[in-house]
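In: Build me a model:
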Amino acid sequence: MSGSPIILTFTKDKVWNRFVRFDIDKNSLKALDIEPTETKPKNKKGSSGFSQINRNFTTVHETFFLHFPLQSLISELHVNQLIDHKLRTYCIKHGIRTDQSEKQEKYSLDSAHLLGFSEILSEITPALRTVSITTNNFIMQLCSQFDVLVSSIIAEMIKAKPELLDSSDRKIEYTDLYAFKTIEDVRSHFSEKFVEGIIRRSRREQFQWFSNVLKIPMTEGLMNWPAFVEVNERRNLLTHTGGIVSTEYLNNCKEVNFKLDAHVKVGGQLRTSLGYFRDATEIFFEIGVKLIQVIWRKMLPDEIEEADNALIAIGYDLILNKKYKLASEILRFSCDVLKNVKSERSRRILLVNYANCFSLQGKREAANNILSRVDWSAADAQFQVCLSAVKGDFAGLVSQMKKMGPEGEINEREYREWPVFRLAHKEESFKECYRSLFGKELMPSVPAKRLNMGALRDSLDEFKKHISMDKDLVEQTIEM
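Out: Residues are numbered from 1 along each chain as shown. Just a heads-up that it's a prediction; the model follows:
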């Protein structure tokens, strides 16, 4: 993209004494057609809100994928430092080493040094508690964001099909009608209360409601459904009992055939590790994407092409970030479950990306089996080049590259960035061909995500909310 530059002004914050605040010139935003969302609709004319729901969901999960684990890791590193550098050093200095192996050391500490030991332990204990609280909070936030997703989807369903409110048994007193100015206000009130009523139900009851309304078995074929239910049941425990196992938790897990560890008993304490949170994040992302796609396509068939593009982008970005297992499941769903992909080209793009998931994991036979589902003989040059790359036919790939030339359907940047060429980057023949075509050495780069104007507008709005933080609160935090 070329055109007017974005003008940014950085300001030094008096509390932090660093340039941690910035503003963007409004005129430059207008020049780039990215006015703030409050003055410009996010969706194209005639489009529903499902595109925005999809974007919000995937954006939030980028936080769960990247930043939440980092926060937990920092807490764990602090605990590790206290144990290794403080407690162990204290034992080396004041204790007697009684046993040592490659992975273990044992010390005997005289009672005269128990006070010093107690003081260090009083630092470690709350730090350990912080790690536990942090990961537990992550799980609760993960489930809360799924509540946001469900409520957004139901609200959009009501917009598309207002008669859904006919099933509501909610009533309103005649005198309460005076609080509403228009019939639309009354309708909005009933819609809000209707959504709230469903959100208060269990996750299984919510999906059953979707199944009944759409006449689709929403949990059929969801291999991770039992694990998904368990995470939601765990959220309930963390919220109400601090993670103490209840009979209800055990029964609900048993009903969906979730296999619990043998040590999980009534009255026991559930432990939430960072690994557990990572798995839960991927499960929630998978089921959330599938939920959006199924309902979007069912409710608004005119927007299937838009849903296809969103699905292609999700699969591509997952491969980009080397989340092959999650990408392969999303793309399996796209290729094997969805029957209403709009265009043949979209279907083939999904197939190539699906096959590439396996190719990048060294499962070439599985990749070839996926590609063999369709006849590629009439496919254009761009597809042919990508097919050769996924199949590992690097001789064919180089031949096709030479045939297309430097001005072909695939440009120099795309050869560097597209994950479909990730394995080809290791081949000398590919590097030599690239050099001869473009007159420069191949320098594989981390592919930049496609610029999404809607996502950029959302980010700007989100940042404005955060920089309006009360400075007094910041100062109080620093003083602590």
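
In: list the helices and strands the host helix or strand of Leu121 packs on?
Out: If you go by DSSP states H and E, Leu121 is part of helix 114-160. Packing partners of helix 114-160 (3 or more Cβ pairs under 8 Å, 6 or more residues apart in numbering; DSSP states H and E): helix 50-81, helix 88-94, helix 183-199, helix 203-214, helix 225-240, helix 274-299. C-beta coordinates here come from the backbone N, C-alpha and C atoms, glycine included.

In: Show me the one of those that comes nearest Leu326.
Out: Of all the helices and strands packed on helix 114-160, it is helix 274-299 that lies closest to Leu326, at 5.0 Å by Cβ to Cβ.

In: Skipping adjacent residues, who's closest to the residue nearest to the spatial centre of the chain in space?
Out: Relative to the mean C-alpha position of the chain, the nearest C-alpha, by Cα atoms, centre = their mean, is the one of His61, at 2.7 Å. Leaving aside its chain neighbours, His61 sits nearest to Phe285 (5.0 Å; criterion: Cβ to Cβ, 6 or more residues apart in numbering).

In: Return the per-residue confidence for the residue nearest to the centre of the chain.
Out: At His61, the pLDDT value in this model is 89.

In: Repeat that for the one 3 residues further on.
Out: Turning to Phe64, the model gives it a pLDDT of 84.

In: before we move on, what about Lys471?
Out: Value listed for Lys471 in the pLDDT field: 44.

In: Could you number the chain from 747 rather than 1 from now on?
Out: That works, and once the first residue is 747, the last one we named lands at Lys1217.

In: what sits against the residue nearest to the centre of the chain?
Out: 891, 1027, 1030-1031, 1034 (Cβ atoms under 8 Å, 6 or more residues apart in numbering).

In: any idea how far Thr985 is from it?
Out: 21 Å (Cβ to Cβ, to the nearest Å).

In: Tell me how far Cys1132 lies from Ser1123.
Out: 15 Å.

In: Could you check which of these two is surrounded by more residues?
Out: Cys1132 (25 against 6; other Cβ atoms under 10 Å).

In: you'd agree the more buried one is up against Ala1101?
Out: No. With contacts counted by Cβ atoms under 8 Å, Cys1132 stays clear of Ala1101, the gap being 9.5 Å.

In: ok, now which ones touch Gly1034?
Out: Gly1034 is in contact with 803, 807, 892, 895, counting by Cβ under 8 Å, 6+ apart.

In: same thing but at 7 Å, please
Out: When contacts are counted by Cβ atoms under 7 Å, 6 or more residues apart in numbering, Gly1034 touches 803, 892, 895.

In: Adding distance to Leu1046, pLDDT and neighbour count, write these out as a markdown table.
Out: As requested, those are exported to a markdown table (distance: Cβ to Cβ, whole Å; pLDDT from 0 to 100; neighbours: other Cβ atoms under 10 Å):
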| residue | distance to Leu1046 | pLDDT | neighbour count |
| --- | --- | --- | --- |
| Phe803 | 17 | 94 | 22 |
| Phe892 | 22 | 97 | 23 |
| Leu895 | 17 | 97 | 21 |
